Structures are given as structure tokens and as C-alpha cells.
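structure of the sequence below:
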Amino acid sequence: MPLYTHRRLAIALPVIVTSLWNPYKKHHATLTDEIAPLAKPEDLKLIKDKYFHLRDDYKPPKYPIVLCHGLSGFDTLILLQLPQFKASVKKGSENPEENLKKMPSEVTEQVKSSSVMVNYWYGIEDALAKVGADVITAKVPPFDSISDRAKLLDMLLSEKCRDFPGKKPGERIKVNLVGHSMGGLDARYLISKIQNRDSPYEVVSLTTIGTPHQGSEVADFVMSVVEKDDLLSAATPVAISQLTTGYLKGFNREVRNDPKVGYFSFGALMDPSGFKLFRATYEIIKLAIEQSGGTFVENDGMVSVSLARWGDYKGTLDNVDHLDLINWTNTLKIPFVEQESFNPIALYLDIADNLSQNGF
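Residues are numbered from 1 along each chain as shown. Okay, here's the model as predicted:
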């Protein structure tokens, strides 16, 4: 489907899954073939209050930071409830693909009015720039395949780095990639399969945050449901199918780490009690892990800690969900929710500082 459509029809997985989960959970079907469990509790490397307050001694990295967004991201993250999405797809045609391409403007406006738009990197880019970091914010198609998103990332970096200020003839600009969620998979594909000696840039590090390196049990669940509905199946972006645990097994066999690149990762775990956007998805992941014999059910509502680890695992952010990781907490405040104890800007500034300390 065209980018024009997807920017208006972004599927908010937590909202969709909530509507699918209640009738489905009675059956207790196995959602994944295999989950790699954490070995022992200390492997979680819990980070409880390190990112509550900002420090005054952050150092910028030597090389530019490239922010790589995840599923549904672009200039903004767009959240849309399933009923409006499905109704919009149905209107005007029995062919969902054609209908989405030719969606009437009034339906588009209706979809926009029922959605919530969130600045993807709210405050993060500015905060990094203020401590002296050079920042490039990547924009790739929100719902395309990993390979297609990585190709667009390559084009953007090539364009930016060819004319980078102070660049010497023949020099390759070294960059640090920072990926949230699916953005980390795009970055890994770029490093392994696309960049080469002729690229005007050279990736020296990748830091991933809440990236489903070994897949997401939520994507497994969504695909198991939508594949039974022709309408939803035809309208479901390829990106979701590529976030399943089955797909990522093959991906990881083919997309290998580059020994010249530093790999760092963070996971997160949320508290599912009370009113939480990711309550249903948290329970889906918990059930999948338990059914596979695992004991560590900790997850951020979209990605389990066990599947988010890659390279040098820096730790698990405590009481943080998948969208808190990109400062969603400070963008959409829910009334009467307790005071947050996590400042995502402090996380990203610390990532920059870690890159600096490692010579990047």
C-alpha cells in the first residue's frame, strides 16, 4: 500500500490487540514455537532509578547519532483504533487493497479525527543537540518491509553524508545508529547487507531500545488472528509479519553482526497493574512465554526482555513500556496516572555519553 495511505491508517497494535484478545484468551492457544528464556534473574540487569533525573555532565559522541524509528513512525506516530480502521477499509469496495488506495477524502479525514498523533522523538533530538551531538533523524516508510526500510535509510544517510559539513574528499562519515523497536532491525539489515566500501558513511555502532531482535509474541498473535480474516489479512502491512518470532529466526541466520561495529541494547519491563495501554499485549506475551516453559515473563507490552537483548546488553528499564521509551509519557498524559519515575531524555543522553566513553 502507498505511503500516503499508511500515514493515515497506522495501526496501533495495543489498541487492536485489546479488541482481539478478550474473546481469544479463553482458548489458550500456543502463540509461539519457541522462546529463548533468560538464564537467571540477574540477567535482567534491572535499571530502576538511573534515568529519573538529568545529569549535568553528559558528553557528546565523536560521531553523529542517527535516530531510527520503529513501526508506525515517521514525522509522527499515529494511533488508530481497530473499529475505525476496519470500517474505513470496508467503505466503497470489496477489495481492501484497492479501497485503501482510493480511499475517499471524507473517510481519510474521519480516520484522522479518530486517531492520536504523537511526536515520535519528542524532545529527544533537541536534548541531544544541546549537549553537542550531531543528530540525524531518519524517516523511512512506517509499514514497509525491513529490507525496504533499510534501503531508504541507506539513501537518507548517503545523501546526508555526501554533503556533511567539514567532510574531506573520499572520507566516509562515521555514524552511530540508535534504533527504537523495528528501527533496530532496519539498522542491522543496513549494516549487514547494504553498506559497503563505496558508501559515503560508515556505521561504527548500533544501540537498540526495545527492539524485537528475536521477534515479538504480539506480532505472532496478531498474525494468527488476521490470517483468519480476509479483510484484515489483506490490509495488514508486511512489517507486522516480519516481526514474528518465526520470521526473525531466519532473519538472524542471514543478517549477521559486523565485527567492526559496536552493538548495544536495552530492554524494558512494564507494570501491568491498573489502567495501561499495553495491558492486553503484556498478557499475550506472558502467556506465550509460560506456554513455552519460560519463567521470565517480563516485557514492555510489545517486546519481551528475553528477545530484546543483542550485543552488549546494557540493562532492563524498570516500570517502562514500549512507548515510554520514545518519550510518549511526556506527550500524552493520562489523567490520574501516578508520577512517572523515568525520563527517556536522560536515557538518550546517557546513550550518547556511553558512545563517547567507547570512542564512538
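
CA atoms of stretch 246-266 as CSV?
Extracted as CSV, the C-alpha positions of stretch 246-266 are listed here (Å, rounded to 0.1, in the frame of the first residue of the first chain):
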residue,chain,number,x,y,z
GLY,A,246,9.4,-17.3,13.2
TYR,A,247,10.4,-14.7,10.7
LEU,A,248,13.2,-13.3,12.9
LYS,A,249,14.7,-16.8,13.3
GLY,A,250,15.5,-16.8,9.6
PHE,A,251,16.4,-13.1,9.6
ASN,A,252,19.0,-13.7,12.4
ARG,A,253,20.6,-16.6,10.4
GLU,A,254,21.1,-14.3,7.4
VAL,A,255,21.7,-10.9,8.9
ARG,A,256,25.0,-11.2,10.8
ASN,A,257,26.8,-8.8,13.1
ASP,A,258,29.7,-6.8,11.7
PRO,A,259,32.7,-7.4,13.9
LYS,A,260,33.8,-3.8,13.3
VAL,A,261,30.6,-2.4,14.8
GLY,A,262,29.7,-2.0,18.5
TYR,A,263,26.3,-3.4,19.4
PHE,A,264,24.5,-2.3,22.5
SER,A,265,20.9,-2.9,23.6
PHE,A,266,18.2,-2.0,26.2
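
list the buried residues for that stretch?
Neighbour counts over stretch 246-266 (16 or more other CB atoms under 10 Å) mark Tyr247, Leu248, Phe251, Asn252, Val255, Val261, Gly262, Tyr263, Phe264, Ser265, Phe266 as buried. Using the backbone N, CA and C atoms, a C-beta is placed for each residue, glycine as well.

shaky segments in the stretch 151-300 of the chain?
For the stretch 151-300 of the chain, applying pLDDT under 70 flags the ranges 275.

so where do the helices sit in it?
Counting by DSSP state H, counting those that start in this stretch, residue ranges of the helices within the stretch 151-300 of the chain are 182-189, 217-226, 230-235, 238-241, 245-254, 279-291.

am I right that Arg256 is in contact with Ile191?
No - Arg256 is beyond contact range of Ile191, at 9.3 Å (criterion: CB atoms under 8 Å).

re the thing from before, and which of the buried residues of stretch 246-266 is nearest to Ile47?
Phe266 (8.1 Å; CB to CB).

pairing partners for that closest one in the sheet, please.
For Phe266, the beta-bridge partners under DSSP bridges are Ile209, Gly315.

please report how far it lies from Asp134.
Phe266 is 22 Å from Asp134, where distance means CB to CB, to the nearest Å.

one more: Pro41?
Distance, Pro41 to Asp134, by CB to CB: 39 Å.

more neighbours: which of these two?
Per other CB atoms under 10 Å, whichever of Pro41 and Asp134 has more neighbours is Asp134, with 18 against 10.

quick one: the more buried one from Gly166, how far?
From Asp134 to Gly166 the distance is 10 Å (CB to CB).

just Trp310 next, same as before
For Trp310, the distance to Gly166 equals 32 Å [CB to CB].

the two: who's more crowded?
Trp310 (22 against 6).

quick one: secondary structure of the more buried one?
coil (DSSP: H, G, I helix; E, B strand; the rest coil).

Ile209 reaches Leu323, doesn't it?
No - look at Ile209 against Leu323 with CB under 8 Å: they stay out of range, at 11.4 Å.

which SS class is Leu355?
Assignment for Leu355 (three-state DSSP): helix.

separation between the residue nearest to it when sequence neighbours are not counted and Phe221?
Leaving aside its chain neighbours, Leu355 sits nearest to Pro61 (3.8 Å; criterion: CB to CB, 6 or more residues apart in numbering). To Phe221, Pro61 is 38 Å away according to CB to CB.
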